[in-house]
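**Q** model this:
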Amino acid sequence: QVRVVESGGGLVEAGGSLRLSCVASGSFLSIGAMGWYRQAPGKQRDLVATITSAGNTNYADSVKGRFTISRDNAKNTMYLQMNSLKPDDTAVYFCDVRSLDAFGYRDYWGQGTQVTVSS
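**A** Residues are numbered from 1 along each chain as shown. Predicted structure coming up:
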C-alpha cells in the first residue's frame, strides 16, 4: 500500500506563486512516473504536468512557461512550482504516483490540496 500526501496549497493573488509538494510513502519496490492533475468545481480532472523517473517532463499547454514540475527520487517527493498564477488556475490539485510492487505498477492518488487564485 502506498500513501500519497499533497501539501502547499493556499490562497494567493493573481500573479503570485505557490509551491506544491507530494510525498509517497509505504511499501513499494520503486516509483515510476508521477503527475499533477487539477479539478475545478463542476469540471473534469485535467492533467497539469507529469514527470518520469528519469526526469522527462510533460505539461499542459495552459501552464507551459509558468509551472515547473520536479522530483527528488531519494525522498520519493514531487514538486510543482507555480508562478504567474491566474484565477483560472483555481482548483483542487491532485498528485498521482505510479508505484511498482510484486504484482506490477499501480496508480495511487492523494486527497488533493486546494489552490485559490484571487483576481
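**Q** use CA for all of it now, contacts and neighbours both
**A** Noted.
**Q** and the closest residue to Asp107 other than its chain neighbours, what is it in contact with?
**A** Nearest residue to Asp107 in three dimensions, chain neighbours excluded: Arg98, at 4.4 Å (C-alpha to C-alpha, 6 or more residues apart in numbering). The contact partners of Arg98, by C-alpha atoms under 8 Å, 6 or more residues apart in numbering, come to Ile31, Gly32, Ala33, Met34, Tyr105, Arg106, Asp107, Tyr108.
**Q** weed out the non-buried ones from these.
**A** Ile31, Gly32, Ala33, Met34, Tyr105, Tyr108 (16 or more other C-alpha atoms under 10 Å).
**Q** my guess is Leu106 contacts Leu100. True?
**A** Not Leu; residue 106 is Arg. Yes. Arg106 is within contact range of Leu100, at 6.5 Å (criterion: C-alpha atoms under 8 Å).
**Q** just the ones of the contacts of Arg98 in strands?
**A** Per DSSP state E, strands hold the following members of the contacts of Arg98: Ile31, Gly32, Ala33, Met34, Tyr105, Arg106, Asp107, Tyr108.
**Q** ok, and the closest non-adjacent residue to the fifth one?
**A** Spatial nearest neighbour of Tyr105, excluding adjacent residues (C-alpha to C-alpha, 6+ apart): Ser99 at 5.4 Å.
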